[in-house]
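> pasting the sequence and the predicted coordinates here, then a few questions.
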Amino acid sequence: MDKIRRALLGQIAKLTAGAALVPLSSIASAGINDQPPRREGDPEKRYAMLIDLRACIGCQACTVSCHIENEAPLGNFRTIVSQYEVEHEETGNTATFMLPRLCNHCETPPCVPVCPVQATFQREDGIVVVDNEACVGCAYCVQACPYDARFINEYTQTADKCTFCAHRLDVGLLPACVESCVGGARIIGDIRDPDSQISRMMKEHYDELMVLKPEMGTAPHVFYLGMDERFVSRPDAKPAIWDVRDQQGEEVGYEFSGH
Amino acid sequence: MNSAVIEVLAPRYGIAWYPWAVQYFFLIAVSYSALLLTVPGLLFGKKNYESLAKVALLVTVSCTLVGPVALLADLHQPLRFWHFYANLTPWSWMSIGSLLLPVYLVLVVAYAWLAWRPAMQVQAQGEGWIARLSGWVSLGQWHASRWMLVVAGLGALVLSVGIMVYTGAEVAIVKARPLWNTYWLPVMFVLTGLVAAAGLVILINRLMTGNDQEVNEQSLKVIFVTMVLSALVAALWVSEGITGFSPSVEQAFASLQRNPEWRAVAIYGLLVGVALTLSAIAMLRRPGWIGRSWLAGLLAVHIGWTFRWMVLMEVQTVAKNTAGYYHYAIEAGSSGLMGIIGTFGLWLAALLIIDILVPWKKSLQASSH
């Protein structure tokens, strides 16, 4: 009992002390649903990712390695590769299209200002993170994200999302998805450094780069090279492996659990 | 597009707001709407609205007490609710709401306490434990001036506007869900809230006070007017989508394209809305029918609740990025069916406890002066 109370009081103290450190002027300048000031992270950097779709083979190695690295519950993904089968209606020719999805670490992330307890915030280096000890699990950020990049983690009962593997970046390692990508399709780096690989590639392919759902005004910082504009927003597609039961109602495959 | 696209593997995203959210939005809307219905009789002291005010006050207090419980339950970490107050976040609508809600609750309870107090003081003169309890609750026999009731009532009204704005804005600002992202949503929440509150007043009037015809008539008028306004708002919303005046409404329509279930929902909504409006007119015009107002009351409550169910639950099944629609089946447990039943059970308990302890059918403070 005492231990719990001590922990609770300690947390209150920590939180109120934290609140006192936020300059009042910055609070006054943020209108309702405006972006609050960024905190933590390296202000000299701005992390972004470039995904070269020409090199993606849809192997889902990123999906699996992220799942292992970040211990997401089964059926929830911080990153996943959407796979589309595209059939030409006249010729009948088919092609596949791979689209890795993850948090876009937007310049104006709609998930951040909605958070009622400032548990989710954007670091100075642009990475959007969640402090899951402060998160109350209201799931408002899950609703606000146009990219379905967030979910409520059933183990922690708090919001969960891709962090660009900030814990790895901070110690000089690459994110799990980048490390495991067999085609080298995912390039992460600091776009404020003009010599970084991502900066050079962005300069070279400036006119070809696309982001997801630009109409949302979020200024995503995951850029796609070799993108088809029909897939930029919710594609007009039919789901295939979705109900994994045969005609007799028997389960024929793995259904994502929990639903 | 001259190609057919199949999404080979579509992950299912579960819903993030549970039916608790529907219960909260329903109860709090009924609360602020019923509060409005108490105004002519209780705050302005108009004699012919006193019976309406009595029932509406009971409705507003019971819903105000239970609503926040459902809200708390919708948090995945309910014991961390104090984080709201340790991290004031004035740029978040939800945080603003967390400040408004407790003040609103206290003012509504104070308003009702002052209104019921004279009758409770009389009750306290009697014998038995209810009398003793009434004495404690009324905090003595001193006389509370009418200005106290007026201040509490006006304060509750001001805060109720805050609740209307925050509950509406909280949902309507979410651009990621075009079906929510419209200025009309907060308006519609208030209008359907009034429909449901008037409906609930009619039901309580039928079940607990002997079916007072004046209350039925006044409530049916509220239902008629708010239904006509709702139809107008719905028409404006639809025309914004068709004309492309609002890109987000246009997107909302596109997200439901060719979906037979949503088409059925729209047709059902239209039919039920027309049925309620017409039955309200019929009951008001034919003197013999007004006694059956409870039928319209049931329909009104159904509309108010189902509107919130569709908006808050079913909209979450519209995928943001992936193909198709998610299937949502209500779970049996506390995040599903038990939550819905439990909230209504708690509300019923609150209603009955008030009914046992408070002589709410006696004269309100408004008429004692």
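Everything's here; your move. Residues are numbered from 1 along each chain as shown, chains lettered A, B, ... in the order given.

> contact partners for A:Glu69?
By CB atoms under 8 Å, 6 or more residues apart in numbering or on different chains, the contact set of A:Glu69 is A:165, A:168, A:176. For the C-beta atoms, the positions are set from N, CA and C on the backbone; glycine is no exception.

> okay, the residue in the stretch 51-200 of chain B positioned nearest to chain A and A:Thr108: tell me how far apart.
Nearest residue of the stretch 51-200 of chain B to chain A: B:His76, at 2.6 Å (CB to the nearest CB). Applying CB to CB, to the nearest Å, the value for B:His76 to A:Thr108 is 26 Å.

> same check on A:Glu229?
For A:Glu229, the distance to A:Thr108 - CB to CB - is 22 Å.

> how about A:Ala237?
Counting by CB to CB - A:Ala237 and A:Thr108 are separated by 28 Å.

> more neighbours, these two?
Higher neighbour count among A:Ala237 and A:Thr108: A:Ala237, with 23 against 14, using other CB atoms under 10 Å in any protein chain shown.

> what's next to stretch B:271-280, contact-wise?
So stretch B:271-280 is contacted by B:195, B:220-221, B:223-224, B:227-228, B:230-231, B:234, B:295-296, B:299-300, B:302-303, B:306 (CB under 8 Å, 6+ apart).

> from those residues, list the buried ones, please.
Among the contacts of stretch B:271-280, those classed as buried by neighbour count (16 or more other CB atoms under 10 Å in any protein chain shown) are B:195, B:220, B:223-224, B:227, B:230, B:234, B:296, B:299-300, B:303, B:306.

> the residues you listed in strands, which ones?
Counting by DSSP state E, no part of those is found in strands.

> chain A next: which of the contacts of stretch B:271-280 are close?
Among these, proximity to chain A is found for none (CB under 8 Å from any CB of the partner chain).

> among those, which lie within helices?
B:195, B:220-221, B:223-224, B:227-228, B:230-231, B:234, B:295-296, B:299-300, B:302-303, B:306 (DSSP state H).

> thinking again about what came up before, dump the residue contacts of the residue of the stretch 51-200 of chain B closest to chain A.
Listed by CB under 8 Å, 6+ apart, the contact partners of B:His76 are A:136-139, A:152, A:157-158.

> tell me which element the closest residue to chain B within chain A falls in.
The nearest approach of chain A to chain B comes at A:Gly137, 2.6 Å away (CB to the nearest CB). Counting by DSSP states H and E, no helix or strand carries A:Gly137.

> again with the one 5 residues further on
In this structure, A:Val142 sits in helix A:140-144 according to DSSP H and E.

> contacts for whichever helix or strand comes after that helix?
Per DSSP H and E, helix A:140-144 leads on to strand A:150-153 as the next helix or strand towards the C-terminus. Strand A:150-153 is contacted from outside by A:72-73, A:76-77, A:103, A:111, A:132, A:137, A:139, A:141-142, A:158-161, B:13-14, B:16, B:76, using CB under 8 Å, 6+ apart.

> how far is strand A:150-153 from where the chain is centred?
Centre-to-centre, strand A:150-153 and its host chain are 11 Å apart (CA atoms, centre = their mean, to the nearest Å).

> stretch A:184-204 too?
19 Å.

> end to end on that stretch, go ahead and measure it.
Terminal residues of stretch A:184-204 are spaced 17 Å apart (CA to CA, to the nearest Å).

> for that stretch, which outside residues touch it?
For stretch A:184-204, contacts defined as CB under 8 Å, 6+ apart pick out A:44-56, A:62, A:100, A:125, A:164, A:169, A:174-175, A:177-178, A:209, A:221, A:223, A:225.

> how does it look with 6 Å?
Stretch A:184-204 has contacts (CB atoms under 6 Å, 6 or more residues apart in numbering or on different chains) with A:45-46, A:48-52, A:55-56, A:175, A:177-178.

> repeat that for stretch A:117-127.
For stretch A:117-127, contacts defined as CB under 6 Å, 6+ apart pick out A:38-43, A:45-47, A:105, A:109, A:111-112, A:128, A:130-131, A:134-136, A:141, A:164, A:166, B:83, B:87, B:89.

> just the buried ones from those residues?
With neighbours counted using 16+ other CB under 10 Å, those contain these buried positions: A:38, A:41-42, A:45-47, A:105, A:109, A:111-112, A:128, A:130, A:134-136, A:141, A:164, A:166, B:83, B:87, B:89.
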